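A.B. asks: pasting the structure only:
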């Protein structure tokens with residue numbers, strides 16, 4: 001569910017995510033004592049089972065390395081050290097998916113299990129498939145790690161795919177980037193890097209969605225999906241208001257798109273009260289409706305007896321074309337393509 005970013009805290013990121021950058025740091029001017037004192041990272045602690053670090057520590061780390069003489073080379077080395085297993089169980093699950101589109105959808109659903117510092121949106125537009133990152137921390141380390149994360153994303157897609165990843169452009173939140181750093185990033189991506197963007201963003205060729213995953217395994221995919229679903233927060237841990245509101249939305253969808261007024265009335269609340277209480281969780285009503293539809297769509301498309309027109313109706317869309325547009329916004333592919341891939 002799309003929510004406003006929370007203050008960075010301990011446990012934001014599984015330590016397996018930062019180990020490649022930790023090791024690369026030692027090759028480009030940092031010492032283990034320096035990383036322990038200034039960042040709070042200790043090798044023995046990072047290697048402990050289920051170890052986690054704070055998002056703030058990753059920003060401190062990038063700021064520390066930015067002051068070293070060969071920062072750009074450090075970033076590229078850390079990216080190249082990344083493997084799918086660096087994402088933990090989520091990465092291993094992605095390796096089993098049938099194609100890149102489904103692997104990206106898998107990562108989007110379960111990413112919060114290993115990294116809560118950013119959110120990602122995928123949108124298919126005229127100029128390509130856009131992957132946007134959202135971070136709220138207004139500091140240099142946040143901007144630096146956004147660039148790093150986009151480079152890592154291409155590295156991981158390349159490891160998963162059975163074909164090269166065609167990158168069209170990268171957009172950085174940083175106002176300026178040294179020429180040497182930009183050149184290294186552009187060489188790594190095979191595409192231009194533009195600074196001064198409001199959001200960190202990649203633009204890819206949409207064809208990647210159909211690229212096969214080289215180690216796809218339907219049996220293991222089913223296993224990992226079960227593991228990851230069980231690892232998601234249980235319903236009773238979700239705020240009761242959100243559970244109740246989603247239940248009302250599900251019940252009302254077959255009568256068309258539920259309105260704020262109707263859902264508030266069913267919950268025994270005023271419209272403004274419902275809006276205010278949803279905002280406490282970083283949500284608006286439209287975002288809650290959208291997230292509920294998205295989750296239901298996944299389940300409906302796994303039922304081959306349902307036509308796409310019936311799925312659209314069950315989701316409260318008056319026109320099938322509206323459902324198609326929403327689905328492409330959610331997953332960067334059509335419902336037919338998604339159904340064929342599962």
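C.D. replies: Looks like it arrived, so ask away. Predicted, not measured: the structure shown is a model, and the values here were computed from it.
A.B. asks: which parts of stretch 302-317 are buried?
C.D. replies: Across stretch 302-317, burial judged by 16 or more other Cβ atoms under 10 Å covers 306, 308, 311-317. Glycine gets a C-beta too; all of them are placed from N, C-alpha and C.
A.B. asks: So for the helix or strand hosting residue 327, mean pLDDT?
C.D. replies: Assigned by DSSP states H and E, residue 327 belongs to helix 320-331. Mean pLDDT, helix 320-331: 91.
A.B. asks: go on, stretch 140-148?
C.D. replies: 96.
A.B. asks: What sits closest to residue 252 if chain neighbours are left out?
C.D. replies: Among residues not flanking residue 252 along the chain, residue 258 sits closest, at 4.0 Å (Cβ to Cβ, 6 or more residues apart in numbering).
A.B. asks: The one you found sits in which helix or strand?
C.D. replies: Using DSSP H and E, residue 258 maps to neither a helix nor a strand.
A.B. asks: Can you report how many residues lie near it?
C.D. replies: Using other Cβ atoms under 10 Å, residue 258 is surrounded by 21 other residues.
A.B. asks: pretty sure it contacts residue 249?
C.D. replies: Yes: if you go by Cβ atoms under 8 Å, residue 258 and residue 249 touch, sitting 5.1 Å apart.
A.B. asks: Name the residues contacting each of these two.
C.D. replies: By Cβ atoms under 8 Å, 6 or more residues apart in numbering, residue 258 and residue 249 have these common neighbours: residue 289.
A.B. asks: Buried ones in the helix holding residue 327, by neighbour count?
C.D. replies: Those would be 320, 323-324, 326-328, 330-331, for helix 320-331 by 16+ other Cβ under 10 Å.
A.B. asks: And stretch 206-224, by the same measure?
C.D. replies: Buried-residue list, stretch 206-224, by 16+ other Cβ under 10 Å: 206, 208-209, 211, 213, 216, 221, 224.
A.B. asks: again with stretch 134-151
C.D. replies: In stretch 134-151, counting by 16+ other Cβ under 10 Å, buried: 135, 137, 141-151.
A.B. asks: With distance to residue 187 and secondary structure added, can I get those residues in TSV?
C.D. replies: TSV is the format used below for the buried residues of stretch 134-151 (distance: Cβ to Cβ, whole Å; DSSP: H, G, I helix; E, B strand; the rest coil):
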residue	distance to residue 187	secondary structure
135	25	coil
137	28	coil
141	24	helix
142	25	helix
143	21	helix
144	19	helix
145	20	helix
146	19	helix
147	14	helix
148	16	helix
149	18	helix
150	15	helix
151	11	helix
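A.B. asks: rewinding a little: let me see the contact set for the residue nearest to residue 252.
C.D. replies: Contacts of residue 258 (Cβ under 8 Å, 6+ apart): 248-249, 252, 289, 316.
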